[in-house]
Every structure is written in C-alpha cells, then in structure tokens.
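Asker: Coordinates for the following, if possible.
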Amino acid sequence: MVLAPLLTIAIGGAQEALEINFDLIALPQLAPGLAFLILAMFFRDLKFKLNLDADSRTALQSLKALVLPFALFTLIFWGMKLFGVKISANSDLSPLLGYPLVGMLIGAVGEEAGWRSFLQPLLENKIKPLYASLITGILWGAWHIGNYQNGWIFMAGFIVMIISASIILAMMLRRTGFSIYVSSLFHLSINLGFYIWFKNTLDEPKTMLIVGATWAVLAIIVVIVTGTSLEKNR
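Answerer: Residues are numbered from 1 along each chain as shown. The predicted structure follows:
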C-alpha cells in the first residue's frame, strides 16, 4: 500500500520535470495500477487481471456507471443553488474536449486497474464485499495526496464521498467480473461531474461536506436495499 503513494510522487515529479501539461493528462493516476502490477509480478500468489470481457450485462452496468455519478452531481449542484448556496458551474467546457477528455479516461483506467481490478477482488477473497469496498474506499480517498492542502474538513468530506462511491461501485460490479469498463466509466463520470459542476468551488470545505453527505445517503440506501448481495462473496 506504500508503493502507490511513492509511485504517485515519483510520476508526478517526472511529469513536472518533463513539463507535460496536467490539464491534458494527470500521469500520477496511473500509479495505483502500476503499483499493484509490480506487486503481482513479485508475488506470484497475487492475481492481477483486467477483465475486458463484454456482454449485455456489462454493457448495461457500464451505461449505469457513466450516468449515475454525473446525475448525482447534477442533483447536488441544483439542490445547493435552490437553497441559496453560492456556487457556479464551469461555463467553459471547450478545454475539456479532445485530448483532456482522453487523458481523463486514461487516468480513470489507470486508477481502477489498481483499486477495482486488483485490490477489491483481492480483499473479497478474504472478507465480505461490503467491508472490502470500505477498505478500498479509505485507501482510494487517502491516496489523493493533493487534496490534503484544502484542510481536514475538506478532506473529511472528500473521503466520505469516496468511501460512499466505493460502496456503490462495488454493488454495480457484482456479477460483472470486476469489469474495467464499469469501474472506469464510473470513475470518469465522477471526474466529469466535479469538472463541470464544481471546478470553480472544488477547494471549498462546505461544498465538499455537502457532496460527501449526499453520496453517503445514497450509499446507505444501496446497503439497505442490496445489503444481502454485498454480504456474500462471489
């Protein structure tokens, strides 16, 4: 678990040294996938496989994964506006089109290769899926080194949101063989939601607390409605 942060710092430093624009692609996002790939190479009993199989169920879950996070962010944004919270969406989306969007997708795949194609199934071999998603979510949230500069209140809201997203995604991945399509599109949708609705206020603790609380409510509903499934190993 130490390898991912170390690789993140190293890759981030290399990107700065090479003067590669972070707005085009954030190469440190590749660190989780690379870290667990390296571990799998050195420890033969650790299995690392990207599930690239596609069927009707995976296609449906992928569509849901792409729609759900963005729809929730849209609901949060307009709910905050309705209650008088000073917040504004990103009105200029032109910088997102083209290479930045591709870079965002590559980054999502790089992260999910580690979190949901390696760590989540590894943990589910030992513990129940719900607990595995909690641990994965905590590590996923804590790994976002750059967010610590926004203070502990912001980070608390962010980690609550990430843990909640991890639980919801774990449910969506059921019976898909930990599809990289489902997890990556879910991740991409989160990033797009942040970019479009909250880029201008992304560093504000109040905003992140509201976002985290809303995601937590949805995660609790998911656990209540589908808790039996998340209690059973595959």
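Asker: Tell me the confidence at the spatially most central residue of the chain?
Answerer: The centroid of the chain falls nearest to residue 187 when counting by Cα atoms, centre = their mean (4.4 Å). For residue 187, the model assigns a pLDDT of 97.
Asker: ok, now residue 2?
Answerer: Residue 2 is given a pLDDT of 76.
Asker: what does residue 221 give?
Answerer: As predicted, residue 221 sits at a pLDDT of 94.
Asker: and it, how many neighbours?
Answerer: Using other Cβ atoms under 10 Å, residue 221 is surrounded by 11 other residues. C-beta coordinates here come from the backbone N, C-alpha and C atoms, glycine included.
Asker: Tell me which residues touch residue 100, please.
Answerer: Residues near residue 100 by Cβ atoms under 8 Å, 6 or more residues apart in numbering: 23-25.
Asker: hey, where'd the helices end up in the chain?
Answerer: 3-17, 31-42, 56-82, 99-114, 120-124, 129-142, 152-172, 180-198, 205-230 (DSSP state H).
Asker: Which of these sits closest to residue 89?
Answerer: Distance to residue 89, taken as Cβ to Cβ, is lowest for helix 180-198 among the helices of the chain, at 5.3 Å.
Asker: now that closest one, how far from the centre of its chain.
Answerer: Put simply, helix 180-198 sits 7 Å off its chain's centre (Cα atoms, centre = their mean, to the nearest Å).
Asker: quick one: residue 167 and residue 221 touch, right?
Answerer: No. With contact defined as Cβ atoms under 8 Å, residue 167 does not count as touching residue 221 (10.4 Å).
Asker: Using PDB, write down the CA coordinates of stretch 76-83.
Answerer: Extracted in PDB, the C-alpha atoms of stretch 76-83 (Å, rounded to 0.1, in the frame of the first residue of the first chain):
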ATOM      1  CA  ILE A  76     -26.400  18.200  -5.700                       C
ATOM      2  CA  PHE A  77     -25.400  21.300  -7.700                       C
ATOM      3  CA  TRP A  78     -29.000  22.400  -8.400                       C
ATOM      4  CA  GLY A  79     -30.100  21.500  -4.900                       C
ATOM      5  CA  MET A  80     -27.300  23.800  -3.500                       C
ATOM      6  CA  LYS A  81     -28.400  26.500  -5.800                       C
ATOM      7  CA  LEU A  82     -32.000  26.100  -4.700                       C
ATOM      8  CA  PHE A  83     -31.000  26.600  -1.100                       C
END
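Asker: Rounded mean pLDDT for that stretch, please.
Answerer: Mean pLDDT, stretch 76-83: 93.
Asker: likewise stretch 141-148?
Answerer: Per-region confidence: stretch 141-148 scores 88 on mean pLDDT.
Asker: Kindly format the C-alpha coordinates of that stretch as CSV.
Answerer: Presented in CSV, the C-alpha positions along stretch 141-148 are these (Å, rounded to 0.1, in the frame of the first residue of the first chain):
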residue,chain,number,x,y,z
GLY,A,141,-9.6,8.5,-0.8
ALA,A,142,-6.4,8.8,1.3
TRP,A,143,-4.3,8.3,-1.8
HIS,A,144,-5.4,11.7,-3.2
ILE,A,145,-2.4,13.5,-1.9
GLY,A,146,-3.1,16.9,-3.4
ASN,A,147,-6.4,17.3,-1.6
TYR,A,148,-4.8,17.5,1.8
